[in-house]
Structures are given as structure tokens and as C-alpha cells.
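show me how the following folds:
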Amino acid sequence: GKLNAGGRGAGDGHGPAGGSQPRAAAAGGAEPGELIGRALDFKSEGAQCYKDKKFREAIGKYHRALLELKALLLSQEPGGQRPANAAAGGLSDEQRQAVEAIEIDCYNSLAACLLQAELVNYERVKEYCLKVLQKEGENFKALYRSGVAFYHLGDYNKALYYLKEARSRQPTGMDTTHFILSLTSRILPLGSKFALSVKRH
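Numbering: from 1, shown residues only. Next up, the predicted model:
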């Protein structure tokens, strides 16, 4: 099986920067609900770009969604950029859950976009997937993509671990078992001695 699809994404993981920084910086006086709403809008736009195979644009949208959330989280800190009265009460449990869900979706989607590149930045794919797994340790997509990334980075022990974890958590209807087994069968003959020799890669 082919390890990743063709098509050009942003190999460095950064989408168009135009307008994203000022937008987040200008969020100083916005309410948490407004920032979360904007992040959701960017995430939805990113999903549409991904469906349209506009991977570079999708990456930009997901980064902008994360910037909105970053502005929100910074504003909740004691020395935050917003007036104290605007941050009164902090985020509700529901808002915190929404922020985490958006972050998980965005990092998972960023990894998916990067895997569409002709020259995939597997280091960045790994980084995004591990961010997801820090928040949701059993996330199938992040486990699976981590395994693929570690395989390409030459860390076969970790690749094997993540692929086995992914296989045990595969949702019904998702047919990646063949690919996982195929990758695993390629790793095992390398032997633990060789795997250990590249563990520091």
C-alpha cells in the first residue's frame, strides 16, 4: 500500500501567514465564546479546503483556528492581555471542553494535510500527533499517523508501538488493518538490534 497520497501540501507545516497574526492579536477584547466561535469557523473552513484538496489553504485555516484559541488561553492567564473584568470567572467547563476538542481536531487535521505533501515533513506530523495524544491518549488517527511518522523517521520500535496501539483501537468501518499489518511486517524483520541502533534518530 502507498504510505501517503500525492498532492502538494505545505511541507513545513505553515500555511499562508497573511492576516493570521493581527487577527489573533486583535482578539484582545473579545469574549471567550466569540473566540471559540471564530476558531470553529476557521476549523470548518479548513475542513472544506481539505475536502477540496486545497491542503496548503487548509493548513493556514487550522493554524488560524489554533491562534484564536491561543489568544483565548493567554487572556485567561493572571497576567493576560485582556482587562481583568473581561476575564472574570475564566472559562466554563463546557468552553474548556470545546477548546480541547477544537485543538485535537486541528492538530489531527494538520497532520492529515502534511501527509498529502509530495515531500512529507514526518517530524512535524509526529509533533502534531503527539500533541493530540497528550490530550487524548487513545485517539486512533493520532496513534496511526504517529506510527507512520516514526516508521519514516527510522524509529522502528516506536513505530511498532504506535501501530499496534492503533490496531487495537481501530474504529469499525475503518479499513487500515491491512496497511498496519503490512508496515508491521516490514519492521519486524529488521530485528531489535537494528531498531535499537536507529532509536536515537
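
which parts of the protein are helices?
20-25, 32-51, 55-75, 93-114, 122-135, 140-152, 156-168, 177-187, 191-197 (DSSP state H).

next, format those as CSV and append mean pLDDT and mean neighbour count.
C-betas here are computed from N, CA, C, even on glycine. Listed next are the helices of the chain as CSV, based on pLDDT from 0 to 100; neighbours: other CB atoms under 10 Å:
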stretch, mean pLDDT, mean neighbour count
helix 20-25, 42, 14
helix 32-51, 97, 18
helix 55-75, 96, 23
helix 93-114, 97, 19
helix 122-135, 98, 19
helix 140-152, 95, 23
helix 156-168, 90, 19
helix 177-187, 76, 14
helix 191-197, 47, 12
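
what sits against residue 131?
Applying CB atoms under 8 Å, 6 or more residues apart in numbering, we find residue 131 in contact with 103, 107.

can you give me the distance of it to residue 105?
Going from residue 131 to residue 105 by CB to CB, to the nearest Å gives 12 Å.

please apply the same query to residue 146.
On the measure of CB to CB, residue 146 and residue 105 end up 17 Å apart.

residue 120 now?
Residue 120 is 20 Å from residue 105, by CB to CB.

find the centremost residue of the protein, please.
Centroid-nearest residue in the chain, with CA atoms, centre = their mean: residue 107, separated by 1.8 Å.

quick one: that residue from residue 146, how far?
Remark: distance between residue 107 and residue 146 (CB to CB) = 11 Å.

just residue 165 next, same as before
Here residue 165 is placed at a distance of 9 Å from residue 146 (CB to CB).

go on, residue 125?
For residue 125, the distance to residue 146 equals 8 Å [CB to CB].

can you check residue 167 too?
13 Å.

likewise residue 40?
26 Å.

again, but for residue 121
Taking CB to CB, one finds residue 121 at 14 Å from residue 146.

what residue spans form the domains of the chain?
1-121, 137-201 (automatic domain parsing).

list the contacts for the closest residue to residue 95 other than its chain neighbours?
The shortest distance from residue 95 to any non-neighbouring residue, by CB to CB, 6 or more residues apart in numbering, is to residue 32 (5.5 Å). Going by CB under 8 Å, 6+ apart, residue 32 touches 72, 75, 76, 91, 95.

run the last query once more with 6 Å
72, 91, 95 (CB atoms under 6 Å, 6 or more residues apart in numbering).

from these, pick the one nearest residue 177.
residue 95 (37.6 Å; CB to CB).

where's that closest one relative to residue 40, distance?
Residue 95 is 12 Å from residue 40, by CB to CB.

and residue 164, by the same measure?
For residue 164, the distance to residue 40 - CB to CB - is 34 Å.

can you check residue 92 too?
16 Å.

cool, and residue 61?
From residue 61 to residue 40 the distance is 11 Å (CB to CB).

quick one on the thing from earlier: anything in contact with each of residue 107 and residue 146?
With CB under 6 Å, 6+ apart, residue 107 and residue 146 have no common neighbours.

ok so, going back, any idea how far residue 98 is from the residue nearest to residue 95?
9 Å.
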